[in-house]
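Enquirer: just to be clear, the model below is a prediction. Sequence and coordinates:
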Amino acid sequence: MDLSRLTPEQRQAVMVQAQQEANEQVMRAMVEKMVSACFKKCAGTSGDRLDSREQSCMASCQDRYLDTRAQVQEALQKRQANS
């Protein structure tokens, strides 16, 4: 895309959209990492289902990741607002 042919407002809109897409990609990667890391940490070899201890561990682990995600998202939004 040739940004030089766009108005300043259009360029800004393109940049905002690109930043939003990048943010979404970061969040998707974080969720994938969360699932993998929590599963490795919490899941044992009890078969094809998680027992109550494993389920509790997964919930706590995911809560920590989601809290981190919220903090990261807030920081990204502040950075985007200051751009």
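Expert: Yes, it's here.
Enquirer: list the contacts for the residue nearest the centre of the chain?
Expert: Central residue of the chain (CA atoms, centre = their mean): Met27, 1.7 Å from the mean position. Met27 is in contact with 69, 72-73, counting by CB atoms under 8 Å, 6 or more residues apart in numbering. Just so you know, the C-beta spots here come from the backbone N, C-alpha and C atoms, and that holds for glycine as well.
Enquirer: just the buried ones from those?
Expert: Among those, those classed as buried by 16 or more other CB atoms under 10 Å are Arg69.
Enquirer: closest one of the contacts of Met27 to Ala13?
Expert: Distance to Ala13 across the contacts of Met27 (CB to CB) is lowest for Gln73, with 20.9 Å.
Enquirer: now do the same for the closest one: its pLDDT.
Expert: Gln73 is assigned 83 on the pLDDT scale.
Enquirer: gap between the helix or strand containing it and the chain center?
Expert: Per DSSP states H and E, Gln73 falls inside helix 52-81. The gap between where helix 52-81 is centred and where its chain is centred comes out at 8 Å by CA atoms, centre = their mean, to the nearest Å.
Enquirer: repeat that for stretch 51-62.
Expert: The answer for stretch 51-62 is 20 Å, by CA atoms, centre = their mean.
Enquirer: again, but for stretch 35-44
Expert: Taking mean C-alpha positions (CA atoms, centre = their mean), stretch 35-44 and its chain are 18 Å apart.
Enquirer: quick one: contacts of it?
Expert: Residues beyond stretch 35-44 that count as contacts (CB under 8 Å, 6+ apart) turn out to be 50-51, 54, 57-58, 61-62, 65.
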